[in-house]
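*Asks:* The following block contains a protein sequence and its predicted model.
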Amino acid sequence: MQDKQTIKIAELDTITQDSLMFFESELFKTVQLNSVFEDSKTFADATFKVPLQEILKQYDLKSKSDPGFDLKSFITEYFYLPEDTELNITLATDDIKLYINELWKALERQATNVTSGSLLPLKYPYLVPGGRFREIYYWDSYFSSLGLIESGHVQLVNDMLTNFIDLQSRYGCIPNGNRTYYISRSQPPILALLVELLLPTKTSELTFLAETIQSLEVEYQFWMQGSEHLQGAVSEHRRVVKMPNGSYLNRYWDDNSSPRAESYREDIELSTGLPEDLRPAFYRNIRAACESGWDFSSRWLADSNNLSSIRTTRIVPVDLNCLLFKLEQSLSKYYLALGDKEKSTSYQKKAMARKSAIQLYMWSDSDGFYYDYDLDTKTHHPVRSLAGVLPLFVGLAQDKQAIEVANNIETFFLKEGGLITTVVNTKQQWDSPNGWAPLHWFCVQGLRLYQQDELAQNIMNNWLNTTHAHFYHTGKLMEKYNVCQQQNIASGGEYEVQEGFGWTNGVNQAFYKLLNV
C-alpha cells in the first residue's frame with residue numbers, strides 16, 4: 001500500500017488546504033493563545049465568510065495599522081462561529097427509552113457539502129455524539145450503532161459505514177472525525193465490528209462482504225504501515241512495534257508533532273515547562289492519546305498527576321492489539337467466505353501470531369489480568385485498566401484467564417454506579433471515578449462470552465441505575481458518569497462533561513435488549 005500516513009497539503013483539496021493553512025496562521029494562534037473563546041475547539045470549527053487569503057490580508061493590515069483594532073470584532077466580521085448545540089427535547093413523559101429515540105433524530109446530521117472551514121464533507125447522513133462534538137467520530141459510531149439498529153435506523157448505520165469508507169479512500173485512514181485537524185490520526189479500529197454488526201441485516205451477506213472487504217484490508221494496512229522497515233536494530237516505525245521475539249504488535253501514533261488545532265492553547269501551556277527539544281515528542285504523544293480515544297488517562301502518563309509527562313507512543317496497548325486481532329480474524333473469515341483461501345490462511349496466521357504475542361507480553365500470571373506493555377521498561381505498565389477486558393471481548397483469553405479477569409473486575413472495578421475506567425484516581429477523565437459506556441459494553445460482552453453472566457448482569461444493572469437516576473434528575477444523558485459518587489457530575493479532562501450522548505444512548509439500548517427490559 002502507498003504510504004499515505006504523511007499527508008502533504010499540496011495533495012489535498014483546496015478547502016482542506018485552506019483549513020490547514022489557517023491553523024498555521026498568526027491570526028489563528030493569536031486567537032487561541034489569547035483565550036478569545038473558552039473552548040479552543042470553537043475557533044477551530046469556525047468557517048470563513050470570505051476567502052481565507054483575504055481574511056489573513058485584512059488581519060495583517062488592520063492589526064498593525066489600526067490603533068483601536070478589536071480582535072473579537074474582527075472575528076465577528078470575517079467568521080461564522082459554530083452554533084450552540086444545546087439539545088431541547090420536550091416529552092410529555094420521563095420515559096428514558098422514548099427520550100433516546102428522540103435523541104437519535106436530534107443528533108442526526110444530513111450530508112455535508114462544505115465550502116470552507118475544518119469540516120470534511122460527507123456524502124450521506126451521519127450521527128454526531130452531542131455537545132461540543134459537532135462531527136462524526138470513528139469509534140463512537142460503533143457504540144451508537146448498537147442502539148440505532150435497535151431503534152430501526154439501519155440505513156443511518158449503513159450511511160455512516162459508507163461515509164467512513166469514503167473518508168478512508170480520501171485520506172488513507174478513517175480519521176478520528178470528519179475535521180481537517182483529525183486527518184493525521186485515526187481511532188480504535190472498529191470497522192470490522194461495524195461490518196459484523198450490519199451483516200445480519202443484509203439480504204446477501206456475500207455481496208456486502210465483497211463490497212467492504214477491501215476497506216477492512218486498507219484499515220489493516222494503515223495500522224501495519226512500515227512493518228517492512230523493522231529489520232536489524234530497528235524495532236519501531238509509526239504504529240508498528242517489533243517485539244523481542246520477532247512478533248508484531250501495534251501502538252497509537254501521529255506523524256504530526258505540533259500542537260493540536262482544537263486544543264492549541266492547552267497544548268502550548270502544557271509544553272512551556274518542557275525543554276524546547278522535547279516539545280515535538282510531547283505534541284506527538286498527546287495526539288497519539290487522542291487516537292486511542294482515551295484522552296486522557298494515567299495509562300499514558302509517567303506521572304499520573306502530570307499530563308505533560310505523557311508518553312503514549314512508549315506504550316503497547318492491550319485493547320488496540322485485541323481489536324487488530326479481531327480485524328485479522330474477520331479478514332480471515334470473510335476471505336474464506338468469498339473463496340480466497342490463500343488470503344484467509346494468511347490472515348489467520350497473523351491473528352494467531354498476535355494472539356500469542358498478547359498472551360506473552362500482556363498477561364500477568366501473578367495478577368490474573370491483562371496489562372499494556374511498556375517499551376522502555378520492557379514489562380507490564382503498572383496501571384490496571386478496563387482495557388484488560390478486551391481479550392475476553394475478542395475471545396482470545398483462555399477460560400481460566402477469563403475467570404481471573406472476572407475476579408479482577410468484581411474486586412477492583414465494579415462500583416455501585418458501574419465500572420471505573422482505571423483503578424487510579426486522577427484529574428483525567430479516563431480514570432477513576434469515571435465510567436464510560438463503551439468500556440461497559442466491551443466488558444459485559446466479554447464476560448458473557450465466557451459465561452460470566454451474573455457479573456455481566458450486575459454491571460448492566462449498576463450502569464443503567466446510574467444513567468437512569470441522572471436522567472430523572474436532569475432530563476439528560478451524558479458522555480460519562482461518576483460511578484463512585486453517583487450524585488456528582490463526572491469531571492476531568494479538557495472540557496465540561498457533554499450531553500447527548502451517542503454511545504451512552506446506544507449502549508443503554510443494547511443493555512435493555514440483553515436484560516429484556
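*Replies:* Thanks, I have it. Numbering: from 1, shown residues only.

*Asks:* backbone phi and psi for Tyr481, please?
*Replies:* Torsion angles at Tyr481 (phi, psi; degrees, to the nearest 10) stand at phi -140, psi 150.

*Asks:* who's it bridged to?
*Replies:* Going by DSSP bridges, Tyr481 is paired in beta bridges with Gly435.

*Asks:* where's Pro391 relative to Ala402, distance?
*Replies:* 8 Å (C-beta to C-beta, to the nearest Å). Backbone N, C-alpha and C define where each C-beta goes, glycine included.

*Asks:* Common neighbours of the two, please.
*Replies:* Gly446 (C-beta atoms under 8 Å, 6 or more residues apart in numbering).

*Asks:* which residues touch the most centrally placed residue in the chain?
*Replies:* Centroid check for the chain by C-alpha atoms, centre = their mean gives Gly293 as the closest residue, at 3.3 Å. Residues near Gly293 by C-beta under 8 Å, 6+ apart: Trp139, Gln187, Pro188, Pro438.

*Asks:* Would you tell me what the next helix or strand after the helix or strand hosting the first one is?
*Replies:* With the criterion set as DSSP states H and E, the secondary-structure element containing Trp139 is helix 138-150. For helix 138-150, the following helix or strand on the C-terminal side (DSSP H and E) is helix 154-171.

*Asks:* How about that following helix, which residues are buried there?
*Replies:* Across helix 154-171, burial judged by 16 or more other C-beta atoms under 10 Å covers 154, 156-168, 171.

*Asks:* Over to stretch 384-402?
*Replies:* 384-397, 401-402.

*Asks:* so how far does that stretch reach from one end to the other?
*Replies:* 16 Å (C-alpha to C-alpha, to the nearest Å).

*Asks:* before we move on, what about stretch 361-374?
*Replies:* 10 Å.

*Asks:* and for it, what are the contacting residues?
*Replies:* 243, 249, 299, 314-318, 321, 358, 379-385, 387-391, 397, 401, 404-405, 407-408.

*Asks:* any chance you could map the strands in the stretch 351-500 of the chain?
*Replies:* 363-364, 369-370, 373-374, 379-380, 414-415, 418-419, 434-435, 481-482 (DSSP state E, counting those that start in this stretch).

*Asks:* follow-up on the earlier one: just the angle for the helix holding Trp139 relative to helix 154-171, thanks.
*Replies:* 160 degrees (axes from the mean of the first three to the mean of the last three C-alpha atoms, to 10 degrees).

*Asks:* Return the distance of helix 138-150 from the chain's centre.
*Replies:* Relative to its chain's centre, helix 138-150 lies at 13 Å (C-alpha atoms, centre = their mean, to the nearest Å).

*Asks:* just checking, what packs against that helix?
*Replies:* helix 96-107, strand 126-127, helix 154-171, helix 191-198, helix 437-449, helix 502-515 (3 or more C-beta pairs under 8 Å, 6 or more residues apart in numbering; DSSP states H and E).

*Asks:* The fifth one - contacts with which helices or strands?
*Replies:* For helix 437-449, the contact count by 3+ C-beta pairs under 8 Å, 6+ apart identifies helix 138-150, helix 390-393, helix 399-408, strand 418-419, helix 453-474, helix 502-515 as packing neighbours.

*Asks:* Quick check: phi and psi on the nearest residue to Asn176 once chain neighbours are set aside?
*Replies:* The shortest distance from Asn176 to any residue other than its chain neighbours is 3.8 Å, reached at Tyr182 (C-beta to C-beta, 6 or more residues apart in numbering). Phi and psi for Tyr182, reported as degrees, to the nearest 10, are phi -110, psi 0.

*Asks:* so where's the chain shaky on pLDDT?
*Replies:* 1-11, 85, 92 (pLDDT under 70).

*Asks:* how about a cut-off of 90?
*Replies:* 1-14, 83-94, 112-115, 131, 228-229, 231-234, 486-498 (pLDDT under 90).

*Asks:* quick check: domain ranges of it?
*Replies:* 9-80, 392-517 (automatic domain parsing).

*Asks:* what's Gly130 sitting at in phi/psi?
*Replies:* phi 130, psi 170.

*Asks:* Over to the one 5 residues further on?
*Replies:* As for Glu135, its main-chain torsions (degrees, to the nearest 10) stand at phi -140, psi 170.

*Asks:* shouldn't it be in contact with Pro121?
*Replies:* No - using C-beta atoms under 8 Å, Glu135 is not in contact with Pro121; the gap is 11.2 Å.

*Asks:* shared neighbours of the two, anything?
*Replies:* Common neighbours of Glu135 and Pro121 (C-beta under 8 Å, 6+ apart) are Asn178.

*Asks:* The two: which has the busier surroundings?
*Replies:* The neighbour comparison of Glu135 against Pro121 (other C-beta atoms under 10 Å) goes to Glu135, with 20 against 17.

*Asks:* returning to what we had before: which one of the strands of the stretch 351-500 of the chain lies nearest to Arg279?
*Replies:* strand 373-374 (22.5 Å; C-beta to C-beta).

*Asks:* roughly how far is that closest one from the heart of the chain?
*Replies:* Counting by C-alpha atoms, centre = their mean, strand 373-374 comes out at 21 Å from the chain centroid.

*Asks:* Adjacent strands (with direction) for that strand?
*Replies:* strand 315-316 (antiparallel), strand 379-380 (antiparallel).

*Asks:* Which of those strands sits closest to Leu194?
*Replies:* strand 315-316 (24.5 Å).

*Asks:* Now the element after the closest one, going C-ward?
*Replies:* From strand 315-316, the next helix or strand downstream (DSSP H and E) is helix 318-337.

*Asks:* Throw together a PyMOL command that grabs the buried residues out of the contacts of Gly293.
*Replies:* Buried residues within the contacts of Gly293, by 16+ other C-beta under 10 Å, are selected in PyMOL with:
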select buried, resi 139+187+188+438
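
*Asks:* tell me which of the contacts of Gly293 is nearest to Lys343?
*Replies:* Pro188 (24.0 Å).

*Asks:* Contact partners for the closest one?
*Replies:* Pro188 neighbours (C-beta under 8 Å, 6+ apart): Tyr138, Trp139, Ser292, Gly293, Asp319, Leu320, Leu323.

*Asks:* Which helix or strand contains it?
*Replies:* Counting by DSSP H and E, Pro188 is found in no helix or strand.

*Asks:* Can you give me the distance of it to Ala387?
*Replies:* From Pro188 to Ala387 the distance is 10 Å (C-beta to C-beta).

*Asks:* what do these two both touch?
*Replies:* In contact with both Pro188 and Ala387: Asp319, using C-beta under 8 Å, 6+ apart.

*Asks:* what pairs with the residue nearest to Ile286 when sequence neighbours are not counted across the strands?
*Replies:* Excluding the flanking residues, the one nearest Ile286 by C-beta to C-beta, 6+ apart is Ile310, at 5.5 Å. Following DSSP bridges, Ile310 is listed with bridge partners Leu301.

*Asks:* how close does Ser25 get to Ser271?
*Replies:* 20 Å.

*Asks:* ok, the two, which is more surrounded?
*Replies:* Ser271 (18 against 15).

*Asks:* ok, that one to Ser141 distance?
*Replies:* Distance from Ser271 to Ser141, by C-beta to C-beta: 31 Å.

*Asks:* show me the contacts for Asp453.
*Replies:* So Asp453 contacts Leu447 (C-beta under 8 Å, 6+ apart).

*Asks:* what residues are up against Ser247?
*Replies:* Taking C-beta under 8 Å, 6+ apart, one finds Ala353, Arg354, Ser356, Ala357, Leu360 in contact with Ser247.

*Asks:* Most neighbours of all those, which one?
*Replies:* For these, neighbours tallied by other C-beta under 10 Å; top is Arg354, 23 neighbours.

*Asks:* Would you agree it is in contact with Leu249?
*Replies:* Yes - applying C-beta under 8 Å as the test, Arg354 and Leu249 come out as touching, 7.0 Å apart.
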